[in-house]
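**Student:** starting from these lines, generate the structure:
(chains A and B)
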Amino acid sequence: MAVLLMACSPNQVEESSAELYHTEIPLKAKFDLPSEVLPEQEMDMGFLLTQNGKPVENLTNVKLRIWQDQHEDKAVEVIVPYAQDGWYRTNMTLEEDGIYYMQLVANTETSSIMPTKRFIAGELTSEELEQLEKSSKTEPEEHHHGEHH
Amino acid sequence: MTQREKKKGHANIYQIVWRWHFYAGLIFAPFLIILAVTGAIYLFKPQIEANLYADYYQVQEQGEKMAPSAHIETVMLEYPDAEITRYRPGEDSTRSAEVRALVNGESFTFFINPYTSELIGKINDQHRLIDRVEEFHGELMMGTIGDRIVELAACWTLILVTTGLYIWFPRKRKDIFGVLLPRIRKNKRTLFRDMHAVTGFWLSIAIIFLVLSGLLWSGFWGTKVQTILTNAGAGYPPSIWVGSAPESGLQTKDIADVPWSAQTMPVPSSDQHDGFIPISIDEVVEITDKENIYPTYEVIYPSSPEGVYTISVFPPKARDEATMHIDQYSGAILADYRFDNYKPLGKLMAWGITVHKGQEYGLINQIGGLLVCLGIITLVISGWIMWWKRKPKGQLGSPNSPSILTKKRLTIPLLVFSVVFPLVGLSVIIVFLLDWLVFRRIPKLKRFFR
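**Tutor:** Modelled structure (predicted):
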């Protein structure tokens, strides 16, 4: 028996093996944003929340934080109301051109998420472009780890 | 079969077992000494490191700790090209935070005062004494080849223990002296014999335990066993020992493109997920601290754009272990494996590993481990002395016996063992080939090995 097990077993852990153990059901968010964001123009935003492939309905605590680059302390925070079919919708008008971030914060009893997206409104100054390039370089690239304890 | 033939058969088996015990001991004794000495040191890792790095570990409590990002910023200011690989917040109010980073391809640990974000000191991870001892213990500092040699030595140790027990087994003697207790006042020869046999008997279970739990670390057998058990849903969940972590995933399909308005602008490398940016280390620590994880945890940074933040902690007691994977973009916990989520064999292995390391039961565990290490050294030395005293000049002095192939009662167990531990099987084949092709054909060698 042991012989057969040893000889016939694959050397790789099968991806499906995770299902044999305790699993999490993470919340997933899909962002629906206008293809172009301009200052002083209303921006409609939609967020689809799903868990286990099913829409998550009627959450009352879905929050959206928006801030301009370098000014997270002045972030604007709004509750995003539920629309339908798992979609949460709101709108907002940005005053200035620039680099912005939006963070969606959503919680169910079993999962919490806080995806953050960077976007640009209007035109960027050359300074901002430089800043953008710089920040993109400091974000995690390839690391090497994986040693055992 | 007459009574006499039967007796002779038993005598032959005894001789064969002894011969195998002799050769296995002779060849693997040096490795056993290495394993026992390095193991004895490694057992006291917590005390040794707390002492060696006391200046780096200890900080004065003063007000509120600064954010993890501030600790990392300290390292980045000093080494702008550093690649952060791990962050360890520190388990209590007087423990420094640790940032691990690759600087020019070398891994360093930076110790940071969590209250002021000052750099207390740094260690090149290659210079960590205990890590090198561990490397010696696990792979003789020889990488994969060393790992295989240690595995082979460990497997042969099982053969040494079983053959040893067979030889030790009292056939006639009723006296507990020489069996369960050593005869100290008899001659020296008896003393060394008892030092070997009686100690060996008492340590046999402990040695088998250390070998089996230790084999779980081995690159060949251990990985294979872990893979089989994980796949069968009987061991550790994937990604703790074998198998990969889940991937960070966002539903990128159908997401309206966020405008990168200036066409000439290079697309930032973080833009792989349509402008989603990784959550900050502060957020990772915040998420983790809500999950009731043992406080000595460390955060392992994602190794690729699809990678995850992994929270990993292997405290002294197996029941406190945790491995958690966090989506680097959404912050969702993708997997959260605790000891309770291990399957029965996984739990058993986890317990075996912490006991092997001398951590599960604190000081008693360490002292127990140390005694076994000293016992193994005693076994090797007394074995050597017995051999040296008996060895004729110009000969190895190995016990003479017929070939193991003449006894089914021995070949079958050897065959089974060789299959369960394939490296042993391979080494047995090599020994037979050497014997057949070389030792038997060269008279001088034949005489030497008899």
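**Student:** what about the strands in the stretch 201-350 of chain B?
**Tutor:** With DSSP state E, counting those that start in this stretch as the criterion, the stretch 201-350 of chain B has strands at B:276-277, B:298-300, B:308-313, B:322-327, B:333-338.
**Student:** next up, the contacts around residue 110.
**Tutor:** This is for chain A. A:E24, A:I25, A:Q51 (C-beta atoms under 8 Å, 6 or more residues apart in numbering or on different chains). All C-beta spots, glycine's among them, are computed from the backbone N, C-alpha and C.
**Student:** that's the other chain; I wanted chain B
**Tutor:** Contacts for B:F110 were tallied using C-beta under 8 Å, 6+ apart; they are B:T74, B:V75, B:E98, B:V99, B:R100, B:A101, B:L119, B:G121, B:K122.
**Student:** who is it paired with across the strands?
**Tutor:** Note on B:F110: beta-bridge partners by DSSP bridges are B:V99, B:K122.
**Student:** and it, how far from B:R86?
**Tutor:** B:F110 is 10 Å from B:R86, where distance means C-beta to C-beta, to the nearest Å.
**Student:** what distance do you get for the residue nearest to the spatial centre of chain A to A:N52?
**Tutor:** Centroid-nearest residue in chain A: A:P115, 2.5 Å away (criterion: C-alpha atoms, centre = their mean). If you measure A:P115 against A:N52 using C-beta to C-beta, the figure is 18 Å.
**Student:** what about the residue in the stretch 51-200 of chain B that chain A sits nearest to, is that helix, strand or coil?
**Tutor:** As assessed by C-beta to the nearest C-beta, chain A sits closest to B:T85 within the stretch 51-200 of chain B, at 5.0 Å. Counting by DSSP: H, G, I helix; E, B strand; the rest coil, the backbone at B:T85 sits in strand.
**Student:** per-residue confidence at it?
**Tutor:** On the pLDDT scale, B:T85 is placed at 95.
**Student:** wait, isn't it in contact with B:E98?
**Tutor:** No - using C-beta atoms under 8 Å, B:T85 makes no contact with B:E98, being 11.1 Å away.
**Student:** make CSV from the contacts of B:F110 and add neighbour count and pLDDT to it.
**Tutor:** Formatted as CSV, the contacts of B:F110 follow (neighbours: other C-beta atoms under 10 Å in any protein chain shown; pLDDT from 0 to 100):
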residue, neighbour count, pLDDT
B:T74, 19, 97
B:V75, 22, 97
B:E98, 22, 98
B:V99, 26, 98
B:R100, 24, 97
B:A101, 23, 97
B:L119, 17, 97
B:G121, 12, 96
B:K122, 19, 96
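**Student:** which non-adjacent residue is nearest A:D97?
**Tutor:** A:G122 (3.4 Å; C-beta to C-beta, 6 or more residues apart in numbering or on different chains).
**Student:** related to what we said a few turns ago, single out the most deeply packed of the strands of the stretch 201-350 of chain B.
**Tutor:** strand B:322-327 (a mean of 25; mean count of other C-beta atoms under 10 Å in any protein chain shown).
**Student:** any stretches of the stretch 101-250 of chain B with poor pLDDT?
**Tutor:** Within the stretch 101-250 of chain B, the stretches with pLDDT under 70 are B:173, B:250.
**Student:** might you enumerate the residues of it proximal to chain A?
**Tutor:** B:102, B:217, B:223-224, B:227-228, B:230-233, B:237-238, B:241-244, B:246, B:250 (C-beta under 8 Å from any C-beta of the partner chain).
**Student:** among the residues you listed, the buried ones, what's the ChimeraX command?
**Tutor:** Applying 16 or more other C-beta atoms under 10 Å in any protein chain shown to those leaves a buried subset, and the ChimeraX line that selects it is:
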select /B:102,217,223,224,227,228,230,231,237,238,241,242,243,246,250
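**Student:** okay, and which of the residues of the stretch 101-250 of chain B next to chain A map to helices?
**Tutor:** Judged by DSSP state H, the subset of those located in helices is B:T223, B:K224, B:T227, B:I228, B:T230, B:N231.
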